[in-house]
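Peer 1: I would like to see how this sequence folds:
(2 chains)
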Amino acid sequence: MADREPVLKVENLTITYDTEKGPLHTVRNVSLQIAPGEIYGLVGESGSGKTTFARGVVRYLPSNGKITTGRISLSGTDLATLSHKQIRKVWGSRVTMVHQDPNASINPSMLIGDQIAEAMRVHLGLNKKQAGQKAIEMLNKVRMPDPELVARRYAHQLSGGMLQRVLIATAMATNPEFMIMDEPTTALDVTTEAVILDLIRELMSEYNTAILFITHNLGVIARICDRIGVLYAGELMEEGPIHEVFRNRLHPYTRGLLGCVPRVDASKKSITLSSIPGFIPRPNQLPPGCIFAPRCDLVEEACQLERPPLVEIGPSHLSSCRRVDCLRTRTKEVEQAREERIEELGPVVLEARNIKKYFPFSGGLTALVRGKKSVKAVDDISIRMRSSFTLGIVGESGCGKTTLARCIAGLEEATSGEIDLEGEHLDYSVSRREPAVLKKIQMVFQNPDASLNPQLPAGYSVARPLTLLRNMSKKQVQERVKELFAAVSLPPDYIDRLPHELSGGEKQRVAIARAFAADPVLMICDEPISSLDVSVQASLMNLLAELQGTAGTAYLFISHDLAAVRHLSDWIAVVYLGRLWEIGSAEDVFVPPYHPYTEALLSAIPIPDPDIEQDRIRLKGSVPSALNVPPGCRFHTRCPRKIGAVCETEEPPWREMEGGHRICCHIPIDELKTLQGGGLLKKAGQGGNR
Amino acid sequence: MGLYILRRLGFIFLTLFLASVIIFIVTQFLPGDVARIILGQFATEAAIDNLREELGLNQPAYRQYLNWAGGFIRGDWGDSLVSRMPVRPIVMQRLGNSIMLAGLALCIYVPLGIVLGVIAALKQNKLPDQLISGLSMAFVGLPEFVSGLLLITFLAIGAGWFPANSSIDPDAKFFESLPYLILPAVTVSLTGLGYVARMTRSGTIDVLGSDYTRAAELKGLPGRQVLVRHVLRNSLLPTVTIVAMGIGWLLGGLIVTEAVYGYPGLGRLLVYGIQRQDLPIIQAASMIVVAAYSFSNLAADIIYGLLNPRIRVGG
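Peer 2: Below is the predicted model:
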């Protein structure tokens, strides 16, 4: 790729924000080139300047932001010097952008077709009819089912995956030279993400567009990018061809990021995830030497004196680390092995049998005509949990994971079923449960911003359960709060801080401390790490594993991130449309035979290793509405391994295997085994290091 | 959408029913004996008893209510206790006056408020915005008797451009009354303008910061197209709602302005009725005001629904 004339050539770009505290040089001296048809992945934690860089490149900065130095050449045009009027002509015709949140990026009160056509009318001079025609063609190009129909719809009538296709269609419509994709799949389910990534790959080779692909997800980079640049606190740390960088990882930051990502072939039992200590420095508080030095485990005195330049250390491979040679010789995996825990089944803590949760759906006149309907969010799920045991629940959004958890916690009243906690029968509603029962089940929510009271200090949130549920005296409470803060590795002075003075990861630590304050036997973690950076995710997962080791709490861990579930869980339950389809130990679920749905989920996981060839099993469409559950096997409408009419008419049987591993499918186990062959992980093994 | 309107209509009838019960209880039962109110302090017991019988006041409460409500629905709103004239023509004529004033005020403050609000949003935190926001805040806060008197002092008495008194002739045609309407309409518009401008400003600022506005700008569309199709289309939704809801206020809530100008609108009729304890007038006028509020809310909901595809098209 490098020998072709680059489309985009950025040289020494520095972007500065004027703030009350003086100028902030958010992006400093970044240079990069992208060739036609090349996908350049830009990765970094939040606050690393990825988005500022992208916006700066296309000159779309807020009024207090400006390009202080540097050249941005787009096929010979210097974008940095264009007038506002000229740059508007470049936007939408030569440069386009696909944004992160497809729901918010589409005008809710304008037809989809008109929004795609708009840019073509302005830039290509098409009339209304031609542009409308071309919009439908574009929808066809992005494999939209029923493009004519979709063009006449509004945003709220389409799913997230479909909207992202619309955004891609819009961005491709004017056949731009350069396109920026800013976290285009972050808001999507893993299955949809896989489909969209495939689509982007195919379209790029057809259109020959140069792409700057921004993401925090290394797995996504590994799957679709040709080259990668690692941005840290506004500077490039490492850059190179994707295989080169992932194999050799010649910067400690890259190495740290990759070490943070849980792997699909190892769990908390065998390894502790590495995490990067400390925080990204603010642009006005940069250390004098290497900006990564304060967080680096290879740091020497010389690193702290002078800023090392980005130099070529291999064929088109750049790194700014002084200690590249040391990195080359060091073993790649810096992960710590953990002592294998002795497998011993603890006592049963929770037994939930045949849980159903139907939400009544009153559809006005339709309800009169067709009778009352209900949304079957959870439809007959049974689970059992033991102490010191983690049950992971996976499934696409809308499959009922969260509703199940909320039924167990009593936040949602189950429609039917039985919930037993330590042998005692539990009431459906949390408001009718005794305090002694309440303290036994605690919850950690996804968004720590919303689950901590912004007006009260962090210590207060942790003290509440102690006074409410455990009747402790004031002095005892103070003592215990201190212990809990120490247990979640927060310094004692954080007790008096307000939530807004804490980072996302710290807030989530407070939320975990609060959950543990009640001394629960069961903790429900609903996507507790999803909104955080990888390095923070890793440290929280380590913390959760550690706390479970000492406290013996059972975890119900819900996540759409299968690698995280794999890492933390002993058992995994796969849920689709309100029902369980496979359950078994984490080791069993991740190797064949698996349920075809599990298989599709696994093959969609973006694995941060470009050398792995994953099977491409892709699901069509999105999860059907829980209002109209398909008859027979609920998965038959999307199942890639559907065997025939039996799937459409009969409910599949449960098939038992060794070790309690169960699959609910019409295909017999032996047949599944032959169909699925060596499976995902074996292929991964051939790829090299994984 | 049809179903949505039907449901809203159902709610309106419920509102009207509840309001009628409250109005009836408050007027007919609470402030003492109606017959005594009518006949005055010095009436004999016998006269009062006779009148009670005549008015049906000895019947059980629910019968009295049904009689009154039934009459109201049939168009028999009773006779004024003071003038002995039928109430309905009086109330209707006042309603007509109120509608004229409301219409003129809307024509003044809605377009002006939207334009100012959009300008303020586009120049957020710059001089034009600070001017517009500051003035609109002041207008909202300025009581109508102050702004009204100021306008009378300067424009009517000082400059002599408009009449200071707006007690128009009931038989006058609209164009003959127009000069009398201008000052009260401007007074009302000052308040309304503030609300509309501020609502438009905040709605527009929200949408200007939205992801889809950013997406539209990065499509390289001309600025005007971004503003009209992507921004205003969405940002004016809340403004439409408060404008429609304002109609109720314009029809029944302008008591102060009408008093300042001596304008014969519904609000003043209500005050007049209360001052003279003219129960049928109070009842009829309040019912009309409640109806005005309810239907202007309905209008707000319908317009909102028409402009918002989420409601119009459904999921």
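
Peer 1: now do the same contact list for the residue of chain A found nearest chain B.
Peer 2: In chain A, the residue found nearest to chain B is A:Gly92; the distance is 3.1 Å by C-beta to the nearest C-beta. For glycine as for every other residue, the C-beta is placed from the backbone atoms N, C-alpha and C. For A:Gly92, the contacting residues are A:Ala119, A:Val122, A:His123, A:Thr174, A:Pro176, B:Leu218, B:Lys219, B:Gly220, B:Leu221, taking C-beta atoms under 8 Å, 6 or more residues apart in numbering or on different chains as the criterion.

Peer 1: which element, helix or strand, includes the first one?
Peer 2: Secondary-structure element containing A:Ala119, defined by DSSP states H and E: helix A:112-123.

Peer 1: run the angle between the helix or strand following that helix and helix A:112-123 for me.
Peer 2: Remark: after helix A:112-123, the chain's next helix or strand is helix A:128-141, criterion DSSP H and E. Counting by axes from the mean of the first three to the mean of the last three C-alpha atoms, to 10 degrees, helix A:128-141 lies at 120 degrees to helix A:112-123.

Peer 1: which secondary structure elements does helix A:128-141 contact?
Peer 2: In terms of contacts (3 or more C-beta pairs under 8 Å, 6 or more residues apart in numbering or on different chains; DSSP states H and E), helix A:128-141 is packed against helix A:112-123, helix A:147-151, helix A:160-173.

Peer 1: now for the ones you listed, which one comes closest to B:Val271?
Peer 2: Judged by C-beta to C-beta, the one of these that comes nearest to B:Val271 is helix A:112-123, at 52.3 Å.

Peer 1: quick one: that closest one near chain B?
Peer 2: Yes: on the criterion C-beta under 8 Å from any C-beta of the partner chain, helix A:112-123 is in touch with chain B at A:Glu118, A:Ala119, A:Val122, A:His123.

Peer 1: that helix to helix A:160-173, inter-axis angle?
Peer 2: Using the same axes, to 10 degrees: helix A:112-123 against helix A:160-173 is 20 degrees.

Peer 1: tell me what helix A:112-123 is packed against?
Peer 2: helix A:128-141, helix A:147-151, helix A:160-173.

Peer 1: quick revisit: next, format the contacts of A:Gly92 as JSON lines and append neighbour count, distance to A:Pro241 and pLDDT.
Peer 2: Formatted as JSON lines, the contacts of A:Gly92 follow (neighbours: other C-beta atoms under 10 Å in any protein chain shown; distance: C-beta to C-beta, whole Å; pLDDT from 0 to 100):
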{"residue": "A:Ala119", "neighbour count": "25", "distance to A:Pro241": "33", "pLDDT": "91"}
{"residue": "A:Val122", "neighbour count": "21", "distance to A:Pro241": "37", "pLDDT": "92"}
{"residue": "A:His123", "neighbour count": "22", "distance to A:Pro241": "33", "pLDDT": "93"}
{"residue": "A:Thr174", "neighbour count": "20", "distance to A:Pro241": "29", "pLDDT": "92"}
{"residue": "A:Pro176", "neighbour count": "25", "distance to A:Pro241": "24", "pLDDT": "94"}
{"residue": "B:Leu218", "neighbour count": "23", "distance to A:Pro241": "29", "pLDDT": "93"}
{"residue": "B:Lys219", "neighbour count": "27", "distance to A:Pro241": "33", "pLDDT": "93"}
{"residue": "B:Gly220", "neighbour count": "22", "distance to A:Pro241": "33", "pLDDT": "91"}
{"residue": "B:Leu221", "neighbour count": "22", "distance to A:Pro241": "37", "pLDDT": "92"}
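
Peer 1: ok, back up a step: list the contacts for the residue nearest to the residue of chain A closest to chain B when sequence neighbours are not counted?
Peer 2: Distances taken as C-beta to C-beta, 6 or more residues apart in numbering or on different chains put B:Gly220 closest to A:Gly92, at 3.1 Å, once the chain neighbours are dropped. With contact set as C-beta under 8 Å, 6+ apart, B:Gly220 has these partners: A:Arg88, A:Lys89, A:Val90, A:Trp91, A:Gly92, A:Ser93, A:Ala119, A:Val122, A:His123.

Peer 1: isn't A:His544 up against A:Leu556?
Peer 2: That one is not His; residue A:544 is Leu. No: contact criterion C-beta atoms under 8 Å: A:Leu544 and A:Leu556 do not qualify, at 12.0 Å.

Peer 1: between these two, which has more neighbouring residues?
Peer 2: Neighbours per residue, other C-beta atoms under 10 Å in any protein chain shown: of A:Leu544 and A:Leu556, the larger number sits with A:Leu556, 27 against 24.

Peer 1: so how far is A:Thr390 from the closest residue in space to A:Gly37 that isn't next to it in sequence?
Peer 2: Distance criterion C-beta to C-beta, 6+ apart; nearest residue to A:Gly37, sequence neighbours excluded, is A:Asn208 at 4.4 Å. Distance, A:Asn208 to A:Thr390, by C-beta to C-beta, to the nearest Å: 47 Å.

Peer 1: burial check on A:Glu658, number of neighbours?
Peer 2: Neighbours around A:Glu658, by other C-beta under 10 Å: 7.
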